[in-house]
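K.L.:
No sequence on hand, only this structure:
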């Protein structure tokens, strides 16, 4: 199997659930190069996980906004 | 205008005007209005008493937040000694709640939706009220870890130490926290608009 084929096999096995774990962990620390690659491949083909990633970013931003300005801005 | 210019000596009004910010900070983390109030009061007093030590190389807000962090950690430690949060049932039901979001094959049961332009939500008062409600409704242990990460900005090593769980477990809790907060916002806000 070529390198690309290996990556393709791994990516196929990673589910949205696995990917959501990586997306969450990305808020805690840097992922490894391989993990980043899996993530990028998956996000390329999966709208749900792309949305999940954006949703978690909005949550982080909302928390900052809430702290700074409260709910009655 | 959230950053302030530094005067050589802080007056009490300058310290006092951060009360509301500190109160939101403490409430998110402690989820107990009384305890949050106490921590903030102690912080403001410590700030007033120690204002001569304020070096002026950070903003007053940052300096007070640093003091508050210590008060909060003290409170959490005291509380975990006196009445530890038990895992047990709530832990199992939270794990089930995560299971429910995915199909057997690991796909989303319901695909997360596109929330559109973040600024549009963030500028909306009604959204921020829903956000507050969702944040405050998170299960206690999950919320504690999540707020340590997002509000106090501790890294996972410190969070794991405070909560006495493994790093992997820490990631599991934070993952769960984001999933559940996301789900609440989807249901109470984005799914409706």
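P.N.:
Thanks, I have the structure now. Quantities reported herein were computed from a predicted structural model and do not represent experimental measurements.
K.L.:
Run a quick neighbour tally on residue B:143.
P.N.:
21 (other Cβ atoms under 10 Å in any protein chain shown). C-beta coordinates here come from the backbone N, C-alpha and C atoms, glycine included.
K.L.:
count of neighbours near residue B:67?
P.N.:
18.
K.L.:
so how far is chain A from residue B:98?
P.N.:
Computed as Cβ to the nearest Cβ, to the nearest Å, the residue B:98 to chain A distance reads 9 Å.
K.L.:
meant to ask about residue B:90, not that
P.N.:
Distance from residue B:90 to chain A, by Cβ to the nearest Cβ: 20 Å.
K.L.:
If you count neighbours, what's buried in the strand or helix carrying that residue?
P.N.:
Residue B:90 is part of helix B:88-101, with elements assigned from DSSP states H and E. For helix B:88-101, the buried set under the neighbour-count rule, 16 or more other Cβ atoms under 10 Å in any protein chain shown, comprises B:91, B:94, B:98, B:101.
K.L.:
Contacts only, for the second one.
P.N.:
When you say that, I think you mean residue B:94. Neighbour list for residue B:94: B:139, B:142, B:176, B:180 [criterion: Cβ atoms under 8 Å, 6 or more residues apart in numbering or on different chains].
K.L.:
what's near enough to touch residue B:152?
P.N.:
Residue B:152 neighbours (Cβ under 8 Å, 6+ apart): B:29, B:69, B:72.
K.L.:
now swap in residue B:171 and tell me
P.N.:
Residue B:171 touches A:21, A:24-25, A:28, B:156, counting by Cβ under 8 Å, 6+ apart.
K.L.:
gap between the residue of chain B found nearest chain A and residue B:44?
P.N.:
Chain A sits closest to residue B:106 of chain B, with a gap of 2.4 Å, by Cβ to the nearest Cβ. Look at residue B:106 and residue B:44: by Cβ to Cβ, to the nearest Å, they are 49 Å apart.
K.L.:
Between the two, which is the more surrounded one?
P.N.:
residue B:44 (19 against 14).
K.L.:
From residue A:13, how far off is the nearest residue to the more buried one once chain neighbours are set aside?
P.N.:
Spatial nearest neighbour of residue B:44, excluding adjacent residues (Cβ to Cβ, 6 or more residues apart in numbering or on different chains): residue B:15 at 5.9 Å. Using Cβ to Cβ, we find residue B:15 at a distance of 56 Å from residue A:13.
K.L.:
out of those two, which sits in the more crowded spot?
P.N.:
Higher neighbour count among residue B:15 and residue A:13: residue B:15, with 22 against 9, using other Cβ under 10 Å.
K.L.:
The residue most central in space within chain A in helix, strand or coil?
P.N.:
Nearest residue to the geometric centre of chain A (Cα atoms, centre = their mean): residue A:23, 2.7 Å. Following DSSP: H, G, I helix; E, B strand; the rest coil, we place residue A:23 in the helix state.
K.L.:
my guess is it meets residue A:53, correct?
P.N.:
Yes - assessed by Cβ atoms under 8 Å, residue A:23 is found in contact with residue A:53 at 4.9 Å.
K.L.:
What residues does the closest residue to chain B within chain A make contact with?
P.N.:
Closest to chain B within chain A is residue A:15: 2.4 Å, counting by Cβ to the nearest Cβ. By Cβ under 8 Å, 6+ apart, the residues touching residue A:15 are B:102, B:105-107.
K.L.:
would JSON lines of these with pLDDT and secondary structure be doable?
P.N.:
As requested, the contacts of residue A:15 are exported to JSON lines (pLDDT from 0 to 100; DSSP: H, G, I helix; E, B strand; the rest coil):
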{"residue": "B:102", "pLDDT": "96", "secondary structure": "strand"}
{"residue": "B:105", "pLDDT": "93", "secondary structure": "coil"}
{"residue": "B:106", "pLDDT": "95", "secondary structure": "coil"}
{"residue": "B:107", "pLDDT": "95", "secondary structure": "coil"}
